[in-house]
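>>> Fold the following.
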Amino acid sequence: MNAMQPRTVALVASLTLGAGWVLGGRFGPGAGQAPAGGVVSPGPRPLGVEQAMPSRAFTDRLHRKLEHLPAPPRATRNPFVFGALRPQVAGARGTPAAASAPDESSAADVPPAPPGPAFRLSGMAASQQGDAVEYTAIISDGAGLHFVKRGAPLPGGYTVADVQETTVTLRDASGGERTLRLR
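Residues are numbered from 1 along each chain as shown. You can find the predicted model right below:
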């Protein structure tokens, strides 16, 4: 007796399985029953569901869900716009309207603006000069870093009056002093 080739065995097995699958769907359990609600979807079904649900039931359920959608969130700000100008209201004759004077209650709530540039003490460096220690302050003004010692000028008319281990004293042109502390 001749032994069959493995290729032939695989072909016969796949044809037998395919024919069983096709005939099982046509003549299997529930094959002759038509749903009462409409056309049966020929597509895949969820696991555990023996019979396909009519497509009309899915459509009705979807419409019910869509009726009760929550409102989309409203954007309160645009994170991609920095420092956008507010539109000015034009007064008579096309000139910009004069800004209204703030009332006294709102003026008391607003803190006064700091004079001059906003300096911040970012760091300190120390060097040994014989028996004394000389400190160099690293000051940031938002535009750059300044490495300064006592007597050095800074932007905005300031000079460094004193440099200590954790503080720097700045003096403005009018003689007023500000002390910056290391954080």
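>>> where's the nearest residue in space to G142 that is not next to it in sequence relative to G156, distance?
Distances taken as Cβ to Cβ, 6 or more residues apart in numbering put A118 closest to G142, at 6.1 Å, once the chain neighbours are dropped. For glycine as for every other residue, the C-beta is placed from the backbone atoms N, C-alpha and C. The span separating A118 from G156 equals 10 Å under the rule Cβ to Cβ, to the nearest Å.
>>> which one of these two has more residues nearby?
Taking other Cβ atoms under 10 Å, A118 and G156 do not tie; G156 has more neighbours (14 against 11).
>>> doesn't P117 make contact with that one?
Yes. The criterion here is Cβ atoms under 8 Å, and G156 meets it with P117 at 4.6 Å.
>>> residues shared between the contacts of those two?
Common neighbours of G156 and P117, using Cβ atoms under 8 Å, 6 or more residues apart in numbering, are D141.
>>> The helix or strand harbouring F58: which residues count as buried?
According to DSSP states H and E, F58 maps onto helix 55-67. Neighbour counts over helix 55-67 (16 or more other Cβ atoms under 10 Å) mark S55 as buried.
>>> Make 46 the first number, not 1, from now on.
In the new numbering, first residue 46, that becomes helix 100-112.
>>> Phi and psi next, for D217.
Dihedral pair for D217: phi -90, psi -180, per degrees, to the nearest 10.
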